[in-house]
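Chemist: Fold the following.
(one chain, ligands or ions: 1)
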Amino acid sequence: MELVTRVMPLPKDANGNGDIFGGWIMAQVDLAGSALPVRISRGRVATIAVNEFVFRSSVSVGDLLSIYARIVRVGNTSMTVHVEVWAERNPVNPHLVKVTEANITYVAIDEHGKPRTVPRD
Ligand SMILES: CC(=O)SCCNC(=O)CCNC(=O)[C@H](O)C(C)(C)COP(=O)(O)OP(=O)(O)OC[C@H]1O[C@@H](n2cnc3c(N)ncnc32)[C@H](O)[C@@H]1OP(=O)(O)O
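Modeler: Numbers count the residues shown, from 1 in each chain. Purely as a prediction, here's the structure:
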């Protein structure tokens, strides 16, 4: 898997318990997951489907999140990406926890927002 993003949630991203909102994590994963489809399709993409999204462990303010991605399928106009989010926590005694994984499908789109074929070369 390829490291595509590192990001640290801030207090504004948390609920009253200090846990990070799932919607914030979904936004980071959607954005990070698009990096490889943008690269291989050499242009714009749009998210068409979140095929699976699993929150395995809660995320806290100050966790350093590393988001990894791997292309699992390339269709005619679509690309499906597996994304994993790992949290590095407790700087005094650091340890890594897989907090989220997802499968997301993106469609390559042209300047009119219509699907275009993913280049094969
Ligand atoms: C930048 C952002 O991410 S914005 C986030 C929100 N996303 C959006 O606003 C996108 C809104 N959706 C759209 O604009 C349109 O649906 C488009 C342009 C993405 C696709 O247009 P459509 O006419 O629906 O495309 P179409 O039905 O031909 O399907 C395109 C591809 O998606 C695939 N697809 C469609 N539905 C799904 C699904 N539920 N799961 C996985 N793949 C799917 C199709 O199989 C096809 O793949 P292929 O060409 O590799 O065989």
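Chemist: What's the per-residue pLDDT of the closest residue to the ligand within the chain here?
Modeler: Nearest residue of the chain to the ligand (C-beta to the nearest ligand atom) works out as Gly75 at 2.2 Å. From N, CA and C alone the C-beta is placed, and that goes for glycine too. Gly75 is assigned 98 on the pLDDT scale.
Chemist: next one: phi and psi at it?
Modeler: Note on Gly75: backbone dihedrals following degrees, to the nearest 10 are phi -100, psi -150.
Chemist: Is it in contact with Val118, as I believe?
Modeler: Yes: with contact defined as C-beta atoms under 8 Å, Gly75 counts as touching Val118 (7.4 Å).
Chemist: Which one's more surrounded, these two?
Modeler: The neighbour count for Gly75 versus Val118, taken as other C-beta atoms under 10 Å, is higher for Val118 (20 against 12).
Chemist: Tell me the bridge partners for Ser66.
Modeler: On the basis of DSSP bridges, Ser66 is bridged to Arg6, Trp86.
Chemist: swap that for Ala108, sorry
Modeler: Assigned bridge partners for Ala108, using DSSP bridges, are Val45.
Chemist: Alright, that wraps it up for me.
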